[in-house]
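**Q** Sequence and predicted model, in that order:
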Amino acid sequence: MTLIEEKLGYEFQNRQLLKQALSHKSYDYEMTAAQNGNNEKLEFLGDAVVDLILSDLLMKQFPDDSEGSLSKKRASLVNESILAQVAQNLMIHTEVLLGKGEAQSGGQGKPRILASAYEAILGAIFVEAGYPRTRDLVEQHFGERITSVGDREAGADDFKTRLQEEVQALLKVTPVYQLVSESGPPHERLFAVEVKVRGVPITQAQGRSKKIAEQEAARLALNLWRNSAQ
């Protein structure tokens with residue numbers, strides 16, 4: 001049993017399935033002679049499996065919640081940042097297989113690669129062991145995150161958090177905040193911040209600090225986001 005399997009709480013019967021789940025496309029491209037295949041299809045499956053399992057677990061944990069509330073809770077769990085943290089806790093970064101270029105650029109620490117590898121591993125477990133076993137493992141891996149996710153709703157006035165949850169729920173990407181300019185004397189600085197989604201500018205706002213400007217930009221972006229969805 002490998003270190004990852006010990007952390008996962010699951011031992012693969014099909015060793016090639018585990019290797020495929022850990023194989024980033026950059027590794028597969030450089031190792032075509034081995035014909036292992038990369039983890040993209042298993043990630044596709046694992047993505048759906050994680051959504052289903054967390055929906056199932058959240059409905060049982062919060063039986064009185066509305067569909068909208070459950071969706072927000074799931075979005076706060078199923079995002080690149082959280083999945084990457086779970087992957088690191090399981091030591092997936094130590095055994096993910098990357099091409100030389102990706103490895104040299106620090107691919108083992110990239111959230112997107114780690115999140116994808118975790119989803120691929122869950123897809124592989126689902127293929128080999130089925131839903132009940134995979135569900136048990138996800139419940140173990142997320143642990144207190146599922147129990148305490150309701151506590152984060154106390155930050156309902158945090159516009160950045162709300163925007164992030166809604167964007168991640170729909171697009172599975174994270175909004176990016178960029179400082180556009182600073183003006184005014186040192187004791188009365190004015191910061192202008194722009195928020196982007198997938199590189200596209202959404203809104204811009206000003207504030208006496210970068211945090212204030214970011215919150216205002218997020219508030220404006222939320223209004224635009226919701227209006228465009230209507």
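**A** Sure, I can see it.
**Q** all contacts plus neighbour counts: C-alpha atoms, from now on.
**A** OK.
**Q** if I look at the residue nearest the centre of the chain, how far off is Ala21?
**A** For the chain, the residue nearest the mean C-alpha position is Glu80 (1.6 Å; CA atoms, centre = their mean). Between Glu80 and Ala21 the computed distance is 17 Å (CA to CA, to the nearest Å).
**Q** which residues touch Val176?
**A** Val176 makes contact with 195-197, 199 under the criterion CA atoms under 8 Å, 6 or more residues apart in numbering.
**Q** One more pass at 6 Å, please.
**A** Going by CA atoms under 6 Å, 6 or more residues apart in numbering, Val176 touches 195-196.
**Q** Phi first, then psi, for it.
**A** Here the main-chain torsion angles of Val176 (degrees, to the nearest 10) amount to phi -120, psi 130.
**Q** what's across from it in the sheet?
**A** Note on Val176: beta-bridge partners Lys196, judged by DSSP bridges.
**Q** Can you read off the pLDDT for it?
**A** The model reports Val176 with a pLDDT of 93.
**Q** do Ala229 as well
**A** 55.
**Q** just Asp158 next, same as before
**A** Reading off the per-residue confidence, Asp158 sits at a pLDDT of 75.
**Q** how much space between it and Ala218?
**A** Applying CA to CA, one obtains 9 Å for the distance of Asp158 from Ala218.
**Q** and those two? which has more neighbours close in?
**A** The residue with more neighbours, out of Asp158 and Ala218, is Ala218; 30 against 13, by other CA atoms under 10 Å.
**Q** Kindly provide the distance from that one to Val96.
**A** Counting by CA to CA, the separation of Ala218 from Val96 is 35 Å.
**Q** Can you name the next helix or strand after whichever strand or helix holds Ile146?
**A** In this assignment (DSSP states H and E), Ile146 forms part of helix 144-148. Next helix or strand after helix 144-148 toward the C-terminus (DSSP H and E): helix 159-171.
**Q** Can you list the buried residues in that following helix?
**A** Of the residues in helix 159-171, those with enough neighbours to count as buried (16 or more other CA atoms under 10 Å) are 159-169.
**Q** Export only the CA atoms of it, formatted as PDB.
**A** Output for helix 159-171, consisting of C-alpha atoms alone and laid out as PDB, is shown next (Å, rounded to 0.1, in the frame of the first residue of the first chain):
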ATOM      1  CA  PHE A 159     -19.400  40.300  -0.700                       C
ATOM      2  CA  LYS A 160     -16.200  38.700  -1.800                       C
ATOM      3  CA  THR A 161     -17.200  35.400  -0.300                       C
ATOM      4  CA  ARG A 162     -20.600  35.500  -1.800                       C
ATOM      5  CA  LEU A 163     -19.300  36.400  -5.200                       C
ATOM      6  CA  GLN A 164     -16.700  33.600  -5.100                       C
ATOM      7  CA  GLU A 165     -19.400  31.000  -4.100                       C
ATOM      8  CA  GLU A 166     -21.700  32.000  -6.900                       C
ATOM      9  CA  VAL A 167     -19.000  32.100  -9.600                       C
ATOM     10  CA  GLN A 168     -17.500  28.800  -8.400                       C
ATOM     11  CA  ALA A 169     -20.900  27.100  -8.300                       C
ATOM     12  CA  LEU A 170     -21.500  28.000 -12.000                       C
ATOM     13  CA  LEU A 171     -18.100  28.200 -13.600                       C
END
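**Q** Please compute how far it lies from its chain's middle.
**A** On the basis of CA atoms, centre = their mean, to the nearest Å, helix 159-171 is displaced by 12 Å from the centre of the chain it belongs to.
**Q** and if you look at stretch 166-175?
**A** Stretch 166-175 sits 9 Å away from the centroid of its parent chain (CA atoms, centre = their mean).
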